[in-house]
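Colleague: Sharing a model prediction with you, sequence too.
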Amino acid sequence: MKKILFILALLAILLIAGCGKKVDTTVQGNTIEITDKGFSPKELKIKQGDKVTWMNKDSLGHWPASAMHPTHEKYPGSSIKKCGTSEESSIFDACKNVEAGSSWSFTFNEKGTWAYHDHSNPTLFGKVVVE
Ligand SMILES: [Cu+2]
């Protein structure tokens, strides 16, 4: 009898652990789609340290980059001047067009409300809120 209870308790623990893992996966799935109408969702809320992926579903290239156009210096440490340098991978700037069907990712380690735009079409805007 004790053995059965032990097995049941173990199963319950595994079930709870399994559910916890599922929640984690959804939190990490922070994807923003880019179409000819712009960024969707326009505003995305994430946690500090989360990675955001921009998926280009348009037929044209788009270039996500931190506000403000054209310097891209709003996000701490970011600047269009760092494109093409060793610091390129650590700044909130794709530094080039994300071509049709491609994606680009950035991990937000700074809390705040970070506005961005499409450097190739600066009339398209979005916002990432890092809590
Ligand atoms: Cu720009």
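Modeller: Thanks, I have it.
Colleague: which bits of the chain sit near the ion?
Modeller: Counting by Cβ under 5 Å from the ion, the positions of the chain adjacent to the ion are 69, 70, 119. Using the backbone N, CA and C atoms, a C-beta is placed for each residue, glycine as well.
Colleague: Export these to CSV and append columns for pLDDT and secondary structure.
Modeller: Below are the residues of the chain next to the ion laid out as CSV (pLDDT from 0 to 100; DSSP: H, G, I helix; E, B strand; the rest coil):
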residue, pLDDT, secondary structure
69, 98, coil
70, 98, coil
119, 98, coil
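Colleague: Could you look up the SS state of residue 81?
Modeller: helix (DSSP: H, G, I helix; E, B strand; the rest coil).
Colleague: Not counting sequence-adjacent ones, nearest residue to it?
Modeller: Nearest residue to residue 81, sequence neighbours excluded (Cβ to Cβ, 6 or more residues apart in numbering): residue 71, at 8.0 Å.
Colleague: of all the residues of the chain next to the ion, which comes closest to residue 103?
Modeller: residue 119 (16.4 Å; Cβ to Cβ).
Colleague: number of nearby residues for residue 110?
Modeller: 13 (other Cβ atoms under 10 Å).
Colleague: Name the nearest residue to it, sequence neighbours excluded.
Modeller: Nearest one to residue 110, counting by Cβ to Cβ, 6+ apart, is residue 76 at 5.1 Å.
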